[in-house]
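K.L.:
build me a model from this:
(one chain, ligands or ions: 1)
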Amino acid sequence: MPSGDSTPVRPCEKDEGCDGLPEQKDLRRGNWRSQGCRAGTVLLYGPARRTKATTVYPSRRRSRDMSELIPAIKQRRSVYALGKNPKVSQEEIVRTIEEVFAYMPSAYNSQSARIVVLFGDQHDLLWEIVMSTLRQRVAPEKFGRTEAKIAGFQQAFGTVLFYDDTTITEGFAQKFPAYAQNFGPWAEQANGMLQFAIWTALEDMGLGANLQHYNPLIDQRVSEVYEIPATWKLIAQMPFGEKLEAAGEKSTVPVQERMRILYDRHPEQK
Ligand SMILES: Cc1cc2nc3c(=O)[nH]c(=O)nc-3n(C[C@H](O)[C@H](O)[C@H](O)COP(=O)(O)O)c2cc1C
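P.N.:
Take a look at the predicted model:
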C-alpha cells in the first residue's frame, strides 16, 4: 500500500539540532520508550521484544503499483482470531504505520490525530485494564462472553490506540470561528480515515485486525498507565496480529442501492 520515501512530516520542535531519532525515556515499568519527535506517534515497548530499529529513513519498502490498493481494500476485514506470531517484524509494522500516518489528510491540515502503538507487555496490559474495567460493569452471569472476547484481543500481537489531541482541534475551532462546530466532527472523520488506512495497511502486510471501542470506560486508567496527556481523547482501539482464522461472512447491500451517479444536466434543472 504505502510507497515511496517516508520523510518526517514534523521535525522535532524542541531542539533545532535534533536528528529526529526518538526521545528515549525509561519509566516505572522500566521498558518503554516514548518517541516525542515525530508526528505524534508514541511507541511503547514491552520487555519481550526490545529493539531500537524504529526510525529507518528513507523507507526500504519497494514502490508499489496503485492497482494493489483495491485488492488490499477488498481484503481488509474484521478479524477476531489473532495470534502473537505474525510473519512480519515489529519494526516493519511500526515503519508501515509511520508511513501511513505521515500521509493522512486532515481538516485544514490540522494533524490532530495521535496514535499509541502497544506491543508485548504493554499490549497485554491494555487488555488487562479493559478486562478489569468491564468486570466491574457487566453482571457476572453475562460476563463470560465479554471475558472471552477481551481475552481474544489480548491474544493479539499488538494494539493501536487512536486519539485526537483536543488542544489542536480546539485551537483550530477558535482560529476559524465560522467553522468552529465542524472541527470536532472533522477530527473524528480524519481519525476514521487514519483507522481505515492503518487497518488496510496491516491487512496488506498479511496481518489481521479489528476495531474496538471500550472508550470512554477505560480512558482514565489508560491515560494514567501510559501517561497520556489529559487533552488526548481516546477514539478507538485496534488489536492486530497473526490471522488465526478468516473473517466471518458478511452481507453487503449492493452499492448500486447506496450510490447515485449523475451525468448530464436535465433541461429542467436550474
Ligand atoms: C466506526 C466503526 C465502529 C466499529 N466499532 C466496532 C466495535 O466497537 N467492535 C467491533 O467488534 N467491531 C466494530 N466495528 C467493525 C464493524 O462491525 C465491521 O467493520 C463491519 O461489521 C463490517 O465487517 P468487516 O470489517 O469485516 O468488513 C466498527 C466499524 C466501524 C467503521
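
K.L.:
output stretch 94-114 as CSV, nothing but the C-alphas.
P.N.:
Output of stretch 94-114 as CSV, limited to C-alpha atoms (Å, rounded to 0.1, in the frame of the first residue of the first chain):
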residue,chain,number,x,y,z
VAL,A,94,6.0,0.3,13.0
ARG,A,95,7.5,1.5,9.8
THR,A,96,4.4,0.9,7.8
ILE,A,97,2.2,2.6,10.4
GLU,A,98,4.5,5.6,10.4
GLU,A,99,4.4,5.8,6.6
VAL,A,100,0.6,5.7,6.5
PHE,A,101,0.3,8.2,9.4
ALA,A,102,2.6,10.7,7.8
TYR,A,103,0.5,10.9,4.6
MET,A,104,-3.0,11.2,6.1
PRO,A,105,-5.3,14.1,5.3
SER,A,106,-6.9,16.3,8.0
ALA,A,107,-9.1,19.3,8.0
TYR,A,108,-7.0,22.4,7.5
ASN,A,109,-4.1,20.1,7.7
SER,A,110,-4.6,20.3,11.4
GLN,A,111,-2.9,16.9,12.1
SER,A,112,-4.6,16.5,15.4
ALA,A,113,-4.7,12.7,15.3
ARG,A,114,-2.4,10.8,17.7
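
K.L.:
could you pick out the longest strand of the chain?
P.N.:
If you go by DSSP state E, the chain has its longest strand at strand 232-243.

K.L.:
any idea how far that one is from the chain center?
P.N.:
Between the centre of strand 232-243 and the centre of its host chain there is 6 Å, according to C-alpha atoms, centre = their mean, to the nearest Å.

K.L.:
quick one: check that strand for contact with the ligand.
P.N.:
No - applying C-beta under 6 Å from any ligand atom, one finds strand 232-243 separated from the ligand by no less than 7.1 Å. Where you see a C-beta, it was placed from the backbone N, CA and C, and this is true even at glycine.

K.L.:
and that strand, which residues are buried?
P.N.:
By neighbour count on 16 or more other C-beta atoms under 10 Å, the buried set for strand 232-243 is 232, 233, 234, 235, 236, 237, 238, 239, 240, 241, 242, 243.

K.L.:
pLDDT value on the nearest residue to the first one once chain neighbours are set aside, please?
P.N.:
Computed as C-beta to C-beta, 6 or more residues apart in numbering, the closest residue to residue 232 that is not its neighbour in sequence is residue 163, at 4.2 Å. According to the model's per-residue confidence, residue 163 sits at a pLDDT of 98.

K.L.:
would you check that residue 163 makes contact with residue 234?
P.N.:
Yes - Residue 163 is within contact range of residue 234, at 5.7 Å (criterion: C-beta atoms under 8 Å).

K.L.:
quick one on the thing from earlier: did I read that right, the residue nearest to residue 232 in a strand?
P.N.:
Yes - assessed with DSSP: H, G, I helix; E, B strand; the rest coil, residue 163 lies in a strand.

K.L.:
list the contacts of it.
P.N.:
Residue 163 sits next to 113, 114, 115, 116, 228, 232, 233, 234, 235 when contact means C-beta atoms under 8 Å, 6 or more residues apart in numbering.
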